[in-house]
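Undergrad: No sequence on hand, only this structure:
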């Protein structure tokens, strides 16, 4: 099944790890573009003022977005184009869908990760997990530390150490996940080479 292929517990753990690393990296990229306007700031503040809004952002939104963007759009693109083109196109569509300028860049970058994981596993399970972790942590930090712009302000205040650690963790998790993935034959009649399982 292309949507709910079984995924190991270790892979789900790696998905959570790479998500946390990606959040720091993406946050740093966002910090390099402070001129991008946040047109949805007031809307998110209103949504985060009640449990219905919080659950919509943290859980419902991620599930519905993964069903649409990975389960439908990326799935179709992978059957039509080569993996790189399909993943990049789906990430761009995912980014543009967010409309909010400050989110477009970050959503596109996260969309690349989600598209790659979906391509490697043919499963929405790790994608939904990553999306929920990303949104939930963003909501939590926004509510708990409303005056803090970036997560590293809670630690060193510079971001360099956190970014370095995040990159190392990202690369390590990526290599583990790449080795333990089983390539799904996306195109009909074409068998992709199955990667050696770690």
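TA: The structure has been received and is ready for your questions. Note that the structure is a prediction, hence the values are computed from the model and not measured.

Undergrad: How about residues contacting stretch 141-149?
TA: For stretch 141-149, the external contacting residues (CB atoms under 8 Å, 6 or more residues apart in numbering) are 31, 44, 48, 151, 154. For the C-beta atoms, the positions are set from N, CA and C on the backbone; glycine is no exception.

Undergrad: before we move on, what about stretch 46-53?
TA: Stretch 46-53 has contacts (CB under 8 Å, 6+ apart) with 54, 56, 57, 139, 142, 143.

Undergrad: Turn the contacts of stretch 141-149 into JSON lines, including distance to residue 90 and pLDDT.
TA: Formatted as JSON lines, the contacts of stretch 141-149 follow (distance: CB to CB, whole Å; pLDDT from 0 to 100):
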{"residue": "31", "distance to residue 90": "26", "pLDDT": "91"}
{"residue": "44", "distance to residue 90": "24", "pLDDT": "85"}
{"residue": "48", "distance to residue 90": "28", "pLDDT": "90"}
{"residue": "151", "distance to residue 90": "27", "pLDDT": "85"}
{"residue": "154", "distance to residue 90": "33", "pLDDT": "83"}
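
Undergrad: residues contacting residue 173?
TA: The contact partners of residue 173, by CB under 8 Å, 6+ apart, come to 14, 17, 18, 21.
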